[in-house]
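K.L.:
predicted structure and sequence below. I'll ask about it afterward.
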Amino acid sequence: MSQIYESDKILAEYLLFHYGSDEEILPATQNWPDGMRRALGFPIRTTTHFSNSRPGRGLDLGCAVGRSTFEMARACQEVIGVDFSHAFIAAANQLKNGQSLDFLRLEEAAHFTQLTASLPNGIDPARVEFTQGDAMNLPEIGSFDRVHAANLLCRLPEPVRLLARLPQLVRPKGELVLVTPCTWLEEFTPPPNWPLPDTLAWLKHHLAPHFTLLRETEEPFLIRETARKFQWSRSLVTVWQRKPQEESARTVSQP
């Protein structure tokens, strides 16, 4: 997998993406398009696609610097955040341990503004654990009431390996939220492993034996690179519920 997510530049962009205030990302001195404003808060918004239940265990795959993991801990009694990037996990653990984390927001050229990320209000860090790992080769970590994976699938070399593992990770009647901008790139995923005929149909094909698709929608997101350059993207959101084991067994056994 690419080492791009180990760089100081990308780490700073993701700390701003996850923990920056609206004003720090889109200063009020500028007249920003409404679409950019609606794209703020993506790591929080994706976790709102779970139900209002109070689950026991949660898993956040591709957690980056951890904001969605912390947000899941508002409802879950225990949440594990996993990311392939050592730099992202180190930053998430610093925040979990109560440390503020200074980072530089690039304005242009060699002009930076220093900002600080900190643990969001109302979070019990004792409920959260972060670990570096490969979503395609997870160790035995048990099963979960909720699994969240945002903007991860199209960054995996072999995404089908994760899809095949999901029935073991999500408990019967548990919830799964998959979010992807469907930006399949050769630098991350070899073209033979790209979804056919499209991402949604591919997900349905692989997950339908074990999951019921509850709904699909879209969520925009915004990553600030400089004071004048932003990435505005839109992710496909699919929300699934794990079928009871006996129903899954009947579906798989059908010819």
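P.N.:
Alright, I've got the coordinates. Predicted, not measured: the structure shown is a model, and the values here were computed from it.
K.L.:
low-confidence ranges, the chain, go.
P.N.:
Filtered on pLDDT under 70, the chain yields the residue ranges 1-2, 246, 248-255.
K.L.:
so how far is S68 from the nearest residue to R155 once chain neighbours are set aside?
P.N.:
The shortest distance from R155 to any non-neighbouring residue, by C-beta to C-beta, 6 or more residues apart in numbering, is to F188 (4.9 Å). In short, each C-beta sits where N, CA and C put it, glycine included. Distance of F188 to S68, given as C-beta to C-beta, to the nearest Å: 20 Å.
K.L.:
over to E78?
P.N.:
Counting by C-beta to C-beta, the gap from E78 to S68 is 15 Å.
K.L.:
do the same with K9
P.N.:
21 Å.
K.L.:
and for R105, nearest residue in space, chain neighbours not counted?
P.N.:
Nearest residue to R105 in three dimensions, chain neighbours excluded: T113, at 4.6 Å (C-beta to C-beta, 6+ apart).
K.L.:
any idea how far the strand or helix carrying that neighbour is from the chain center?
P.N.:
For T113, the element it lies in under DSSP states H and E is strand 111-117. Distance of strand 111-117 from the chain centroid (C-alpha atoms, centre = their mean, to the nearest Å) equals 24 Å.
K.L.:
list the buried residues of it.
P.N.:
115, 117 (16 or more other C-beta atoms under 10 Å).
K.L.:
residues making contact with it?
P.N.:
Residues from elsewhere that reach strand 111-117 (C-beta atoms under 8 Å, 6 or more residues apart in numbering): 15-16, 18-20, 24, 65, 91, 95, 100-107.
K.L.:
try it again at 10 Å.
P.N.:
Strand 111-117 has contacts (C-beta atoms under 10 Å, 6 or more residues apart in numbering) with 12, 14-16, 18-21, 24, 65-67, 91-92, 94-95, 99-107, 226-227.
K.L.:
can you tell me which of these end up in helices?
P.N.:
In helices, defined here by DSSP state H, the members of these are 12, 14-16, 18-19, 24, 67, 91-92, 94-95.
K.L.:
center of the protein, which residue is that?
P.N.:
A150 (2.8 Å; C-alpha atoms, centre = their mean).
K.L.:
what pairs with that residue across the strands?
P.N.:
Beta-bridge partners for A150, by DSSP bridges, are V179.
K.L.:
that one touches G81, doesn't it?
P.N.:
No: applying C-beta atoms under 10 Å, one finds A150 not in contact with G81, separated by 11.3 Å.
K.L.:
which residues touch S233?
P.N.:
39, 42, 151, 181-183, 219-223.
K.L.:
surely it forms part of a strand?
P.N.:
Yes: secondary structure of S233 (DSSP: H, G, I helix; E, B strand; the rest coil): part of a strand.
K.L.:
state the distance from it to C154.
P.N.:
Applying C-beta to C-beta to S233 and C154 gives a distance of 11 Å.
K.L.:
what touches both of the two?
P.N.:
181-183.
K.L.:
quick one: the residue nearest to R105 and L26, what's the gap?
P.N.:
14 Å.
K.L.:
over to R171?
P.N.:
For R171, the distance to L26 - C-beta to C-beta - is 39 Å.
K.L.:
which one (most neighbours) among the ones in helices among the contacts of strand 111-117?
P.N.:
A92 (30 neighbours; other C-beta atoms under 10 Å).
K.L.:
which ones are touching that one?
P.N.:
15, 18, 60, 63-67, 69-70, 81, 83, 85, 101, 117, 128-132.
K.L.:
from these, list the buried ones, please.
P.N.:
15, 18, 60, 63-67, 69-70, 81, 83, 85, 101, 117, 128-130.
K.L.:
what's near enough to touch L196?
P.N.:
202, 205.
K.L.:
look at it and tell me its secondary structure.
P.N.:
Taking three-state DSSP, the label given to L196 is coil.
K.L.:
gap between it and A91?
P.N.:
From L196 to A91 the distance is 36 Å (C-beta to C-beta).
K.L.:
what does D134 give?
P.N.:
Taking C-beta to C-beta, one finds D134 at 19 Å from A91.
K.L.:
no further questions, thank you.
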